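Student: The sequence isn't on hand, but the structure is:
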């Protein structure tokens, strides 16, 4: 069983920044793509950003230019740097250690999910 733990959420004013961390116990972490997802109240979970084992990244249009995903394989950790936060970024942010190809990952594809961390952006 792979343990996935997110941290770094909190309450921030609009325009502020947060850095989320996703730590995984899997020893083969470096071989997996990692996705950051979020779910706002009353909305479906959506993919926010993802990073391949080789460092290729992709972002949802709504966060491009504001969020940056990165990984430190030595620490089995992936980060999501979130700048210029908006109230509409308020959600629970989840990390998933993907078990499918980076090119195919989505909310529906299998993987190991963390419990999530709450991000609240006040206007």
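Tutor: Now that the structure is in, tell me what you want to look at. Remember, it's a predicted structure, so these values are computed and weren't measured experimentally.

Student: Give the residue spans of the chain that score low on pLDDT.
Tutor: For the chain, no stretch has pLDDT under 70.

Student: how about the strands in it?
Tutor: When assigned using DSSP state E, the strands of the chain occupy the ranges 4-7, 10-13, 18-24, 34-39, 46-51, 57-59, 67-72, 77-82, 91-98, 111-113, 117-122.

Student: From residue 56, how far off is the spatially most central residue of the chain?
Tutor: Computing the C-alpha centroid of the chain and ranking residues by Cα atoms, centre = their mean puts residue 36 first, at 2.1 Å. According to Cβ to Cβ, to the nearest Å, residue 36 and residue 56 sit 15 Å apart. Placement of C-beta: from N, CA and C, glycine included.

Student: how many other residues sit next to the residue nearest to residue 29 when sequence neighbours are not counted?
Tutor: Nearest residue to residue 29, sequence neighbours excluded (Cβ to Cβ, 6 or more residues apart in numbering): residue 76, at 4.4 Å. Residue 76 has 18 neighbours, counted by other Cβ atoms under 10 Å.

Student: correct me, but residue 76 touches residue 24?
Tutor: Yes - under the criterion of Cβ atoms under 8 Å, residue 76 makes contact with residue 24 at 5.1 Å.
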